[in-house]
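**Student:** could you look at this predicted model? Sequence included:
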Amino acid sequence: MKRIVAILALCSALAASAAASAAECNRACLKKRLDTYLAGVSSHKPESAGLWIGFRQTENSVAVPEGQGLWKSMTGLGSIQRQYFDPSLGQAGYFGTVQLGDEEAVVALRLKVKLNQVTEAEWFISRKSDPGLTGEPGKTPFNIDTLRATLPAMRVVAKSERLQRDALQAVVNSYFDGITSHNSYLVKGHPGCTRYENGFPTFNTPMTPAMDLGNNGKTDCRTQADFGVAIVAIRDFFVIDEEAQAVMVSAVFRREAKNPKLRNHFTELFHVDHGKIRDIHAAFYYAPENRPVPNWPPYDGLFPLPAAYR
């Protein structure tokens with residue numbers, strides 16, 4: 001009997017420890033860590049950013065040491081700043097723009113906090129001059145002016161209208177399943193739901209009557225295009241913000257065999273209303289064929305390198 005009591009006490013202590021660890025950084029804590037980190041990058045001062053000794057940062061999947069990359073080139077936050085928080089995962093998300101000298105870039109950021117220190121930063125950066133789908137410079141979808149006019153929401157949704165985190169993830173996952181399956185009817189989205197890629201609108205174009213999904217003959221976020229995606233891989237739901245009913249998720253568009261188009265590595269920000277997707281804002285880049293993406297664990301199977309590198 002004493003042995004059973006001891007085991008139960010140990011289990012209770014472990015559960016309490018796990019719960020305390022998960023809740024060690026609440027929304028206010030995550031916001032403070034995110035603001036401090038962004039200020040440190042903008043001022044080129046890694047020592048002021050609250051970094052853990054084993055801190056790791058990637059920029060478009062390339063590992064960057066403190067003091068290089070954005071630590072040198074970023075001169076401030078841009079005209080669009082949106083923040084989202086997931087205390088359950090100890091992660092914060094930033095979506096918007098940053099200043100790179102005179103240039104304003106569209107970005108998304110995943111920030112990991114543990115023991116009140118920043119342990120990981122994963123940046124998605126898009127510039128107007130970046131390569132497009134076929135690798136041609138300056139051909140990536142990009143429109144900051146449109147992004148400014150269609151800002152992602154920053155909101156607090158009434159508790160009575162909130163979905164729990166598992167349901168939010170399932171709704172968003174339906175979007176990726178629609179792309180992988182080439183079936184728009186899988187996507188749980190409102191008619192007329194919007195989708196912007198680096199601010200560039202990818203909806204509201206004419207559809208044939210036979211393909212109309214109930215949006216007055218126009219495309220919306222549910223509509224599938226044929227761009228050679230074999231699977232939406234490595235889906236990382238890194239912020240599920242129940243208060244804002246917002247989800248930030250990164251993934252990779254893996255192309256079909258022999259498709260010459262570059263892989264698309266992205267973060268997409270979703271807002272969900274009443275069980276369906278209302279809008280999507282993406283920050284992404286097209287990865288060179290010899291770049292391992294996303295360059296975060298688990299690594300197995302995530303290195304689709306050309307034959308010359310095998």
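**Tutor:** Yep, that arrived. Residues are numbered from 1 along each chain as shown.

**Student:** contacts for the helix or strand harbouring Phe237, please.
**Tutor:** Secondary structure from DSSP states H and E places Phe237 in strand 229-241. Applying CB atoms under 8 Å, 6 or more residues apart in numbering, the contact partners of strand 229-241 are 84-86, 88-89, 91-93, 110, 122, 165, 168-169, 172-173, 176, 179-180, 246-257, 259, 293-294, 296, 302. All C-beta atoms are positioned from the backbone trio N, CA, C, and that covers glycine.

**Student:** let's go with 7 Å and repeat that
**Tutor:** 84-86, 89, 91-93, 110, 165, 168-169, 176, 179-180, 247-256, 294, 302 (CB atoms under 7 Å, 6 or more residues apart in numbering).

**Student:** what pairs with that strand, parallel or antiparallel?
**Tutor:** Here strand 229-241 is paired, per DSSP bridges, with strand 246-255 (antiparallel).

**Student:** filter the contacts of strand 229-241 down to just the buried residues.
**Tutor:** Applying 16 or more other CB atoms under 10 Å to those, the neighbour count classes 84-86, 89, 91-93, 110, 165, 168-169, 176, 179-180, 247-255, 294, 302 as buried.

**Student:** so what's the nearest residue to Asn264 once chain neighbours are set aside bridging to?
**Tutor:** Counting by CB to CB, 6 or more residues apart in numbering, Phe253 is the residue found nearest to Asn264 once chain neighbours are left out, at 4.0 Å. Counting by DSSP bridges, Phe253 is bridged to Val232, Asn264.

**Student:** report the separation between Phe253 and Thr180.
**Tutor:** Using CB to CB, to the nearest Å, Phe253 is found at 10 Å from Thr180.

**Student:** just Ser126 next, same as before
**Tutor:** From Ser126 to Thr180 the distance is 23 Å (CB to CB).

**Student:** for the stretch 51-200 of the chain, which segments count as strands?
**Tutor:** Counting by DSSP state E, counting those that start in this stretch, the stretch 51-200 of the chain has strands at residues 51-59, 62-63, 76-86, 91-100, 103-114, 117-126, 189-197, 200-201.

**Student:** just to revisit the earlier point, so for the strand holding Phe237, mean pLDDT?
**Tutor:** What strand 229-241 shows for mean pLDDT is 93.

**Student:** same question for stretch 90-110.
**Tutor:** Stretch 90-110 comes out at a mean pLDDT of 97.

**Student:** list the buried residues of that stretch.
**Tutor:** Of all the residues in stretch 90-110, those buried under the rule 16+ other CB under 10 Å are 90-100, 104-110.

**Student:** dihedrals phi and psi, Leu30?
**Tutor:** Note on Leu30: its backbone torsions stand at phi -60, psi -40 [degrees, to the nearest 10].

**Student:** was I right to think it contacts Lys112?
**Tutor:** No - Leu30 lies out of contact with Lys112 (CB atoms under 7 Å); the separation is 10.0 Å.

**Student:** between the two, which one's more packed in?
**Tutor:** Set Leu30 next to Lys112 and count neighbours by other CB atoms under 10 Å: Leu30 wins out with 23 against 20.

**Student:** give the contact list for the more buried one.
**Tutor:** Listed by CB under 7 Å, 6+ apart, the contact partners of Leu30 are 85, 87, 92, 113.

**Student:** how near is the last one to Glu256?
**Tutor:** Separation of Val113 from Glu256 (CB to CB): 38 Å.
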